[in-house]
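Asks: Please find the sequence and the predicted model below.
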Amino acid sequence: MNDARTRQRPLLRLAARVVERLSPRSDDDPIAAVTQMHRIADEKARLLQRASANGWAGAVGDLRIELTDRLERLVASAKSTIESLRRRPAPPPRLSDVFAELRQLESEFDDFAIDLKLRTVSAVIGPVVLEGVRLGRFRLTLDVGKLEPDSHDGCFLVDALEPNPAAGERNITHPHVSDGRVCAGEAEIPLVAALRQGRLFDAFALLRAVLNHYAPDSPYVSLDTWGGVNCPECGKSGPADELTSCMSCRREVCNDCSSYCRCCDTTRCDDCLEPCEVCRLQCCGGCLEELDERHVCEHCRKACKECGEPFATDRLDRATGVCKGCRLSAADEAA
Amino acid sequence: MKVMYLNNDGGGFADVVEAPQGQTVAEFFASRMPNRDASDYLVRVNRLPCSADQALRDGDRISVTPTKIEGAAGK
């Protein structure tokens, strides 16, 4: 009996926190605000009557202006109160109901945990597999301190326990989760309603329903390209838009496996580049030419100044730019 | 009899509704969620799992939550 009470105490304390967060605060009580406005306007009206009765013309003028201002504020406050009353018809949840919600969460979700210091309640769902893509398990954490009666913004955190994020998008661990925040989509309205009424189990069940389903029309990253595409050169996976096309073989390769021709500056894969045998710089097949059984790039080819035949620059005389054959012929003629 | 009906589908509906005496969970679901497949929903009576032929009783709390909901990408 005592054990059961000891186990239930943290649940009760957290349930109390939830009720506290979802109860209207006195400083934003719409009825209190309009009552206060009415009291001030009533006070000004009585002062105006008194001033009129005593014939204090100056005071009457000032009080008319003040009363007009106060009545305008009273009307605005009354309108705001009407809207608040329409928007918030339900009373805050009862402690016993929230406690029962926590008990239900504990019994139906895996790894249920509460942290009284952080004021959080968490549970684990999964493993989630969508369209054959394994996304692993997710921990859903409700930050009770961020609960608001009309919003769930920021109060739920979704942590991937075995993250398999989208290629190149480490913050997207699920098609509908980014930076640990789930975009609830069609669950948005029932989720806000469930939280407002302290139905924590329903809120967790709604988020689980979102995470267990893939909406192909509205993901952060489509499951079709979740793992990215494989580079045919090294086999590594990456986002499709980070691949570059080789101008020679037309294959799409990753940045690590692509480079450029030092002659024509066009993008080529590593397979379609080879070194010039004179300068050793990587060049494409279009810029290399076979001269004397060597592949020589454009920059390393020059015509002999005598015969006009193409030669590798290292086969021409540096000073005269003349090939060996022409130099020998010239020497013979001179002799 | 009256039961508390919590429908988490669509707009999120929670209210006390009338139901015929002895109506089963399956009958209640069919009357409230026509053309919907019960297997696509998590149904709980008084926060407990229930069978389709379980008879509802006055004052019961029945909740219906979809098991698959379309999420989105940012607001």
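Replies: Sure, I can see it.

Asks: got a pLDDT number for A:Asp29?
Replies: Predicted confidence (pLDDT) for A:Asp29: 64.

Asks: Next up, the contacts around A:Cys323.
Replies: For A:Cys323, the set of contacting residues under the criterion of Cβ atoms under 8 Å, 6 or more residues apart in numbering or on different chains consists of A:304, A:306-307, A:309, A:311, A:315-317. Bear in mind the C-beta positions are built from the backbone N, C-alpha and C, glycine included.

Asks: For it, name its beta-bridge partners.
Replies: A:Leu316 (DSSP bridges).

Asks: Neighbour count says what about the contacts of A:Cys323? Which are buried?
Replies: Among those, those classed as buried by neighbour count (16 or more other Cβ atoms under 10 Å in any protein chain shown) are A:304, A:306, A:311, A:315-316.

Asks: Check those and tell me the two furthest apart.
Replies: Of all pairs drawn from the buried ones among the contacts of A:Cys323, the greatest distance, 13.1 Å, lies between A:Glu306 and A:Arg315 (Cβ to Cβ).

Asks: count of residues packed around whichever residue of the stretch 1-150 of chain A sits closest to chain B?
Replies: When scored by Cβ to the nearest Cβ, the stretch 1-150 of chain A has A:Gln104 as its residue closest to chain B, at 4.6 Å. A total of 22 residues lie near A:Gln104 under the criterion other Cβ atoms under 10 Å in any protein chain shown.

Asks: again with A:Cys269
Replies: Taking other Cβ under 10 Å as the criterion, the count of residues near A:Cys269 is 23.

Asks: For it, list the residues it contacts.
Replies: A:233, A:246, A:248-249, A:251, A:253, A:257-259.

Asks: Report the beta-bridge partners for it.
Replies: As for beta bridges, A:Cys269 partners with A:Ser258 under DSSP bridges.

Asks: just the contacts of A:Cys269 now: which is nearest chain B?
Replies: Top of the list for closeness to chain B, among the contacts of A:Cys269 and by Cβ to the nearest Cβ, is A:Val253 at 29.3 Å.

Asks: Tell me how many other residues surround the closest one.
Replies: Burial of A:Val253 is recorded as 24 neighbouring residues (other Cβ under 10 Å).

Asks: what's the answer for A:Ala319, then?
Replies: Other residues near A:Ala319 number 6, with proximity taken as other Cβ under 10 Å.

Asks: if I look at B:Gly12, how far off is A:Pro175?
Replies: As judged by Cβ to Cβ, to the nearest Å, B:Gly12 and A:Pro175 stand 23 Å apart.

Asks: quick one, which of these two is more surrounded?
Replies: Neighbour count, other Cβ under 10 Å: between B:Gly12 and A:Pro175, A:Pro175 has more, with 27 against 23.

Asks: residue contacts, that one?
Replies: Remark: with contacts taken as Cβ under 8 Å, 6+ apart, A:Pro175 is in contact with A:130, A:214-215, A:219-223, A:226, B:71, B:73.

Asks: Enumerate the residues of the stretch 101-250 of chain A near chain B.
Replies: Taking Cβ under 8 Å from any Cβ of the partner chain, the part of the stretch 101-250 of chain A that reaches chain B is made up of A:101, A:103-104, A:175-176, A:178, A:182-187, A:189-194, A:197, A:199, A:201-202, A:205-206, A:208-213, A:215, A:217-220.

Asks: Spatially central residue in chain B, please.
Replies: B:Val64 (3.3 Å; Cα atoms, centre = their mean).

Asks: near chain A at all, the stretch of helix or strand that residue belongs to?
Replies: B:Val64 belongs to strand B:61-66 when assigned by DSSP states H and E. Yes - applying Cβ under 8 Å from any Cβ, one finds strand B:61-66 in contact with chain A at B:63, B:65-66.

Asks: What about the residues you listed, which one has the most neighbours?
Replies: The most neighbours of any of the residues of strand B:61-66 next to chain A, using other Cβ under 10 Å, belong to B:Thr65, which has 26 neighbours.

Asks: Test my guess that that one contacts A:Asp202.
Replies: Yes - in this structure, B:Thr65 sits in contact with A:Asp202. The criterion is Cβ atoms under 8 Å, and the distance is 5.9 Å.

Asks: which neighbours do these two share?
Replies: Residues touching both B:Thr65 and A:Asp202 comprise B:Asn8, with contact defined as Cβ under 8 Å, 6+ apart.

Asks: what number of residues lie near the closest residue in space to A:Ser222 that isn't next to it in sequence?
Replies: In space, not counting the residues next to it along the chain, A:Ser222 is nearest to A:Pro216; the distance is 6.8 Å by Cβ to Cβ, 6 or more residues apart in numbering or on different chains. Under the neighbour criterion other Cβ under 10 Å, A:Pro216 is assigned a count of 12.

Asks: Doesn't A:Pro216 belong to a helix?
Replies: No - with the criterion set as DSSP: H, G, I helix; E, B strand; the rest coil, the secondary structure at A:Pro216 is coil rather than a helix.

Asks: ok, it touching A:His176?
Replies: No - the pair A:Pro216 and A:His176 does not pass the contact test of Cβ under 8 Å, sitting 11.1 Å apart.

Asks: so what's A:Asp115 bridging to?
Replies: A:Thr120.

Asks: So what's the gap between the lowest-mean-pLDDT helix or strand in chain B and the chain middle?
Replies: Least confident element among the helices and strands of chain B, by mean pLDDT, DSSP states H and E: strand B:13-18 (a mean of 87). On the basis of Cα atoms, centre = their mean, to the nearest Å, strand B:13-18 sits 10 Å off its chain's mean C-alpha point.

Asks: got the angle for the helix or strand following that strand vs strand B:13-18?
Replies: Once the chain leaves strand B:13-18, the next helix or strand it forms, by DSSP H and E, is helix B:25-32. The directions of helix B:25-32 and strand B:13-18 differ by 110 degrees, with axes from the mean of the first three to the mean of the last three Cα atoms, to 10 degrees as the criterion.

Asks: So what angle separates the directions of helix B:25-32 and strand B:61-66?
Replies: Helix B:25-32 and strand B:61-66 meet at an angle of 70 degrees, taking the same axes, to 10 degrees as the criterion.

Asks: Would you mind naming the residues that bridge with B:Val43?
Replies: B:Val64.

Asks: Fine by me, thanks again.
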